[in-house]
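[1] sequence and predicted model, in that order:
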Amino acid sequence: MNAISPIVQPAANEEIDLATLFLSLWEQKLLIAVVTLLIATAAASYAFFTTPEYQVQSLLRPAAIKDLDALNHTGVYELEPGQALQRVGEALESYDSRMAFFRANPELFEALREPGRSFEQTFEGFNREAFKMLQPDSKRADNMSAYVGVQLTYPADVNGVALVNGLVDHAIESERERIADDLQTVVQNRLNQLELKMAAARASYEASKEARIAALLEADSLKRAQLQDELRALRQQLKVHRDNRITQLEEAIRIAKALGIGKPTTPSALGEGERLTQGSVIRTEVNNQQIPLYFMGSEALEAERNALLQRRSDDFTEPRIAQIAKELQLLAHNRQIEVLKQRENEDLFLKDLAIWREEATRLRNLSVDVADLKLVSVDQLAVEPLKPIKPKRALTLALGVVLGGMLGLFIALLRSALRRAILRRRSDQSELAS
């Protein structure tokens with residue numbers, strides 16, 4: 001019995017562990033309550049004594065096409081609604097733009113000033129931690145989802161609403177000024193280009209006319225030489241074809257005479273020989289092979305050969321030769337060159353001169369009020385938040401109670417486990433001693 005008791009005893013202990021555990025925890029309820037209270041108190045201290053932080057945001061969407069029509073109608077500066085939104089968004093995100101707004105409105109950032117920190121250091125820390133740009137998912141590039149926004153997280157003593165709305169207005173106004181400068185620069189550059197064009201047109205006209213005449217003469221010479229080369233090549237090709245044909249005919253004549261074919265015949269007729277037939281016979285021969293030339297008979301072949309030998313020119317057999325002769329005749333006189341040389345008042349032919357003058361007059365009288373230009377549509381202005389984003393007091397208190405209870409239970413369980421281990425060790429020692 002003493003030999004098997006150590007084996008059976010752990011099973012009995014395990015059966016009462018659950019009840020023992022609950023009793024042990026109930027005995028330590030005061031410890032659990034104290035730990036829970038301490039953690040909950042720490043959470044409450046954080047929730048009620050930490051400076052609350054608020055969050056506001058402003059969203060911008062593309063303006064309507066009609067809002068940018070006056071600018072686009074100038075013909076020298078084009079700005080699509082999406083491009084205007086992107087430019088304002090870049091201004092909102094720009095460090096220089098935010099710094100300029102910071103310098104222009106120091107009263108909005110006065111609560112952020114700390115002893116020992118310079119103006120730039122104060123702005124650098126606030127700019128890095130407080131601002132966040134809001135943009136749509138890059139996978140969705142459609143106009144319906146296009147927007148740009150800025151989000152600000154700020155402590156309670158900062159006027160975040162005025163700061164965000166002021167920064168948005170500053171970004172829009174700075175882009176208006178940049179567009180006005182760009183428009184003025186583009187217009188002035190266009191005017192300078194037009195003046196240069198009108199001055200250079202008169203000076204370069206004579207040289208361009210001579211260059212045009214030289215180019216036409218060179219083109220005519222090149223075309224004439226190419227046509228003559230083509231004509232010689234065609235005639236040589238036709239002569240070779242005629243010689244090859246004569247050679248084929250002579251060879252076919254010899255074969256026809258050797259076979260005794262004087263008149264045109266067919267292979268089937270030649271095979272029947274002199275067989276007599278009664279009545280009229282109509283032969284139909286279907287053959288997918290080309291019949292050799294000697295079946296035409298020696299008489300027809302000799303007649304064709306004699307005609308080819310007596311031919312003095314093959315030009316009539318190739319329509320392209322007549323076309324080449326026509327083109328060579330047309331190249332004998334270039335009427336365009338004659339007209340260019342006969343011009344008297346050449347200023348009349350500077351047709352772009354009037355267009356340039358008209359464009360210069362239009363640009364000088366161009367007037368666009370950029371101050372009233374609506375670059376973006378303000379979809380959401382920053383408004384005073386109803387409650388801070390942190391600390392979240394109810395959630396913090398709840399988490400404090402839960403974590404305090406869990407920590408109290410853990411400490412109680414740890415104490416109970418250590419106590420049982422000590423009791424078990426003492427029991428084992430007493431059994432060994434007995």
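    Happy to help now that I have it.
[2] from here on, contacts and neighbour counts on C-alpha atoms
    Fine.
[3] which stretches of the chain have low pLDDT?
    1-17, 46-51, 116, 138-145, 270-289, 347, 391-393, 434 (pLDDT under 70).
[4] can you map out the strands along it?
    For the chain, the strands defined by DSSP state E occupy 53-62, 131-134, 148-155, 376-380.
[5] can I get those strands in TSV with distance to residue 341 and mean neighbour count?
    Formatted as TSV, the strands of the chain follow (distance: least, CA to CA, whole Å; neighbours: other CA atoms under 10 Å):
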stretch	distance to residue 341	mean neighbour count
strand 53-62	58	22
strand 131-134	68	16
strand 148-155	64	21
strand 376-380	59	17
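[6] could you redo these as TSV and give each row distance to residue 196?
    TSV is the format used below for those (distance: least, CA to CA, whole Å):
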stretch	distance to residue 196
strand 53-62	39
strand 131-134	46
strand 148-155	43
strand 376-380	38
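[7] of the ones you listed, which is nearest residue 221?
    strand 53-62 (60.7 Å; CA to CA).
[8] distance from stretch 259-268 to the middle of the chain?
    The chain centroid and the centroid of stretch 259-268 are separated by 76 Å, computed with CA atoms, centre = their mean, to the nearest Å.
[9] hmm, back to that, which of the strands of the chain sits closest to residue 404?
    That would be strand 53-62 among these, by CA to CA, at 25.6 Å.
[10] any chance you could map the helices in the protein?
    Per DSSP state H, the chain carries helices over the ranges 5-15, 17-27, 29-49, 69-72, 81-93, 95-104, 119-130, 160-259, 267-272, 298-310, 319-330, 335-341, 351-364, 393-433.
[11] tell me which of those sits most buried.
    Among these, helix 81-93 has the highest mean neighbour count (mean count of other CA atoms under 10 Å), at a mean of 20.
[12] and the angle from that one to strand 148-155?
    20 degrees (axes from the mean of the first three to the mean of the last three CA atoms, to 10 degrees).
[13] helix 81-93 - contacts with which helices or strands?
    strand 53-62, strand 148-155, helix 160-259, strand 376-380 (3 or more CA pairs under 8 Å, 6 or more residues apart in numbering; DSSP states H and E).
[14] with distance to residue 136 as extra columns, can I get the helices of the chain in TSV?
    Compiled in TSV, those are given as follows (distance: least, CA to CA, whole Å):
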stretch	distance to residue 136
helix 5-15	60
helix 17-27	54
helix 29-49	34
helix 69-72	26
helix 81-93	12
helix 95-104	21
helix 119-130	20
helix 160-259	18
helix 267-272	86
helix 298-310	85
helix 319-330	66
helix 335-341	62
helix 351-364	39
helix 393-433	30
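[15] which stretch among those helices comes nearest residue 60?
    Of those, nearest to residue 60 by CA to CA is helix 81-93, at 7.5 Å.
[16] can you say which of the strands of the chain is nearest to residue 36?
    Taking those one by one with CA to CA, strand 53-62 is closest: 27.2 Å.
[17] so what's the gap between that closest one and the chain middle?
    29 Å.
[18] counting contacts, what elements does that strand pack onto?
    Counting by 3+ CA pairs under 8 Å, 6+ apart, strand 53-62 packs on helix 81-93, strand 148-155, helix 160-259, strand 376-380.
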